[in-house]
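Participant: This is the structure alone, sequence omitted:
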């Protein structure tokens, strides 16, 4: 089972449902990296086309992996070592293919309902039984992944069902989703 | 089923395992409030004995519940309306008792193993079947709830089992724990 995740800063919606590139939130990168390490993921990509945001991402990773942060907090180093910066999903898929020899299947996450959405149970089963292909789970920042990227994905997960309230942060949503897919082992 | 949670800033450990009071992290308050709303909790307490941190908490709540934030983002208002500030667990328990006529049973969460720890399945069953008593789930900031408060609690949950890595943020740990206890309905 080879599983990656990507924290997507583009293409996502803003609050007016326009396609936008969001700014990096450093706490999200820390939380996603720690989740990736907790659930045994093979890597975690931070995706943004913005040069300034990529530079911020690299600085953050360097600080914790090779800089003073690595000495201050070695467990954070372990987690941040899993993080890579990328321009877009295409670059992520190429990078995974380079490492594993086969392209990854993409799994979009969404707070809205999509007709082709899979249950967590079904998706967990697929992850555990399809040994030929790596998987890439996409988490959207801002107001979520664009419809286009969700529909182009190989799979879409159903939204997290709350009591009629569906406005979690990407950090906590990712935690719940990874635990539902991979926490039962 | 009456369930509250508390984000504990005291008494918790610092990195040298000394008992300390941590500073408020506003993003934690937002994330916990949104989780509380998602899982239908009756309220979410932010516990700190520090006056300056209580003032910050009140300012944050006021901004989103009655101030400009309420207009800017009504779904955030819904979530933050569940948040109350408190000095300590004793005050939280008194407040719950005032509302419900009976004291809450406390459920500590911990990243370490305790002999009396319950499984998520067992605890979920208790929450769903004990209708006489409210429950209060305690989440520790910093390096976790002190041993004393964990041992004085009515229940302790087992740690989230990762692949040998057990260093999640309180935000993402709370998300996973609430989903395991209450997400199956």
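Facilitator: Thanks, I have it. Since we're looking at a predicted model, the values are computed, not measured.
Participant: Partner strands of the host helix or strand of residue A:107, with direction?
Facilitator: Taking DSSP states H and E as the definition, residue A:107 sits inside strand A:105-108. Paired strands of strand A:105-108, with direction, are strand A:135-140 (parallel), strand A:155-156 (parallel) (DSSP bridges).
Participant: In a markdown table: those, plus mean pLDDT and mean neighbour count.
Facilitator: Backbone N, C-alpha and C define where each C-beta goes, glycine included. Conversion of those to a markdown table gives the following (pLDDT from 0 to 100; neighbours: other CB atoms under 10 Å in any protein chain shown):
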| stretch | mean pLDDT | mean neighbour count |
| --- | --- | --- |
| strand A:135-140 | 98 | 25 |
| strand A:155-156 | 98 | 22 |
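Participant: In a markdown table, list these along with distance to residue A:94.
Facilitator: Formatted as a markdown table, the entries for the strands paired with strand A:105-108 read as follows, by distance: least, CB to CB, whole Å:
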| stretch | distance to residue A:94 |
| --- | --- |
| strand A:135-140 | 12 |
| strand A:155-156 | 20 |
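Participant: lowest-confidence helix or strand of chain A?
Facilitator: Averaged element by element with mean pLDDT, DSSP states H and E, chain A has its least confident helix or strand at helix A:68-72 (a mean of 91).
Participant: Which helix or strand lies directly C-terminal to that helix?
Facilitator: Per DSSP H and E, the helix or strand that comes after helix A:68-72 is helix A:74-80.
Participant: Can you name the residues bridging to the spatially closest residue to residue A:133 that is not a sequence neighbour?
Facilitator: The shortest distance from residue A:133 to any residue that is not its chain neighbour, by CB to CB, 6 or more residues apart in numbering or on different chains, is 5.2 Å, and that residue is residue A:105. Beta-bridge pairing of residue A:105, defined through DSSP bridges, involves residue A:135.
Participant: Quick check: residue A:105 touching residue A:132?
Facilitator: No: here residue A:105 does not reach residue A:132: they are 9.6 Å apart, not a contact under CB atoms under 8 Å.
Participant: Give me the more crowded residue out of the two.
Facilitator: It is residue A:105, of residue A:105 and residue A:132, that has more neighbours when counted by other CB atoms under 10 Å in any protein chain shown, with 18 against 7.
Participant: if I look at the more buried one, how far off is chain B?
Facilitator: When CB to the nearest CB, to the nearest Å is the yardstick, residue A:105 and chain B sit 22 Å from each other.
Participant: before we move on, what about residue A:14?
Facilitator: Distance of residue A:14 to chain B, given as CB to the nearest CB: 13 Å.
Participant: burial count for that residue?
Facilitator: 12.
Participant: wait, what's in contact with it?
Facilitator: Residues touching residue A:14, when contacts are defined by CB atoms under 8 Å, 6 or more residues apart in numbering or on different chains, comprise A:20, A:22, A:142-143.
Participant: For the strand holding residue A:107, list every residue counted as buried.
Facilitator: Applying a neighbour-count criterion of 16 or more other CB atoms under 10 Å in any protein chain shown, one finds A:105-108 buried in strand A:105-108.
Participant: Same list (those residues) but as TSV, adding distance to residue A:176 and pLDDT.
Facilitator: What follows is these, written out as TSV (distance: CB to CB, whole Å; pLDDT from 0 to 100):
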residue	distance to residue A:176	pLDDT
A:105	21	97
A:106	19	98
A:107	15	98
A:108	16	98
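Participant: Need the max-distance pair from those residues.
Facilitator: With distances taken as CB to CB, the most widely separated pair in these is A:105 and A:108, at 10.8 Å.
Participant: Quickly list what's touching both of those two.
Facilitator: For the pair residue A:105 and residue A:108, residues contacting each of them under the criterion CB under 8 Å, 6+ apart are residue A:155.
Participant: residue boundaries of the strands in chain A?
Facilitator: According to DSSP state E, chain A carries its strands in the segments A:3-8, A:12-13, A:19-20, A:43-47, A:83-86, A:105-108, A:135-140, A:155-156.
Participant: what mean pLDDT would you report for the longest helix along chain A?
Facilitator: Identified as the longest helix of chain A according to DSSP state H is helix A:51-65. The predicted model assigns helix A:51-65 a mean pLDDT of 96.
Participant: Tell me if that helix is near chain B.
Facilitator: No: among the residues of helix A:51-65, none lie within reach of chain B under CB under 8 Å from any CB of the partner chain; the closest is 12.5 Å away.
Participant: What is that helix packed up against?
Facilitator: Here helix A:51-65 is seen to pack against helix A:26-38, helix A:74-80, strand A:83-86 when contacts are counted using 3 or more CB pairs under 8 Å, 6 or more residues apart in numbering or on different chains; DSSP states H and E.
Participant: Could you identify which of these has the lowest mean pLDDT?
Facilitator: Mean pLDDT per stretch puts helix A:74-80 lowest among the helices and strands packed on helix A:51-65, at a mean of 93.
Participant: and it, is it in reach of chain B?
Facilitator: Yes: with CB under 8 Å from any CB as the measure, helix A:74-80 is seen reaching chain B through A:75-76, A:78-79.
Participant: and of the residues you listed, the nearest to residue B:26?
Facilitator: Within the residues of helix A:74-80 next to chain B, distances to residue B:26 taken as CB to CB reach their minimum at residue A:76, with 21.0 Å.
Participant: wait, doesn't that closest one sit right on residue A:29?
Facilitator: No: with contact taken as CB under 8 Å, residue A:76 and residue A:29 are classed as non-touching, separated by 10.9 Å.
Participant: Between the two, which is the more surrounded one?
Facilitator: Neighbour count, other CB under 10 Å: between residue A:76 and residue A:29, residue A:29 has more, with 23 against 19.
Participant: Distance check, that one against chain B.
Facilitator: Residue A:29 sits 12 Å away from chain B, taking CB to the nearest CB as the criterion.
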